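Asker: Here you go, sequence then predicted model.
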Amino acid sequence: KQVHVVGCLWGGHINNKNQAKNPAVDAIAKNSEGSFKLVAFDTTYSRNGFTSYKEGIAFAENLWQLADAFPDIHITLKEKKDRNLHSVFDPVLGPKLLKLYNRINSHPRMAIYSDQTDSSELISVSDMVVSFPFTSTTFEALSVNKPAIWHDPLDCYRGTPYAKVGGVMTHSYEELKAKVAEIKNMQINSYHNPIPANSPLMDPYRDGKAIDRFRELLC
């Protein structure tokens, strides 16, 4: 009945600089050299689920707006679902999202990676992570003290615990733009996870060594 908290296991993969990298992921660093690298993650959208395609379209549109607002930013969007599913999940808005994704992929400072890409690898080469609420990738990035937020494009999640804690959520494009500008202008290694150290909402260690602690328990 004893519970052992070791931290966020995926943080170890983000910090592991020696792991074999996907050549496509390595290309992000090469193609965006000198740029601020923002990696974004969408979620599962549907007609009758918690998150709608209307929200997904707004999320993607806000990323496009960011690319236009900041000429020194490079944005990578990683898809959570196979593209063939969107027209099944929502025959009306699904194709509209796909059309927007194709437009994003044609932008000279934007790229889209499929659901088969390793999220940890993408986070490891990023300067900032933006996820749709409450995709785990933002939690994983915050667990190694990497700048990360959840972006709520249509202001649907303001009453949630992570929104109330402050500093890790935005609820409009203007808030997102301001947060990106804030983090982009920070000195290197000056970012600190804004969630209090004793909060049950966050990895208490935030050092990327959860796998090591888990191995110690097994031994």
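Answerer: Nice, thanks for sending it over. From a predicted model like this one, the values you see are computed outputs, not experimental measurements.

Asker: Would you map the strands across the chain?
Answerer: For the chain, the strands defined by DSSP state E occupy 36-41, 73-78, 110-113, 128-131, 148-151, 169-170.

Asker: As JSON lines, those strands with distance to G208 would be great.
Answerer: For every residue, glycine as well, the C-beta is placed using N, CA and C. Converted to JSON lines, the strands of the chain look like this (distance: least, C-beta to C-beta, whole Å):
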{"stretch": "strand 36-41", "distance to G208": "17"}
{"stretch": "strand 73-78", "distance to G208": "20"}
{"stretch": "strand 110-113", "distance to G208": "22"}
{"stretch": "strand 128-131", "distance to G208": "14"}
{"stretch": "strand 148-151", "distance to G208": "14"}
{"stretch": "strand 169-170", "distance to G208": "23"}
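
Asker: Confirm for me that D212 is in contact with G11.
Answerer: No. At 10.7 Å, D212 does not count as touching G11 under the criterion of C-beta atoms under 8 Å.

Asker: who has more neighbours, those two?
Answerer: G11 (27 against 12; other C-beta atoms under 10 Å).

Asker: ok, back up a step: can you list the strands of the chain in a markdown table and add mean neighbour count?
Answerer: Listed next are the strands of the chain as a markdown table, based on neighbours: other C-beta atoms under 10 Å:
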| stretch | mean neighbour count |
| --- | --- |
| strand 36-41 | 24 |
| strand 73-78 | 24 |
| strand 110-113 | 20 |
| strand 128-131 | 26 |
| strand 148-151 | 25 |
| strand 169-170 | 22 |
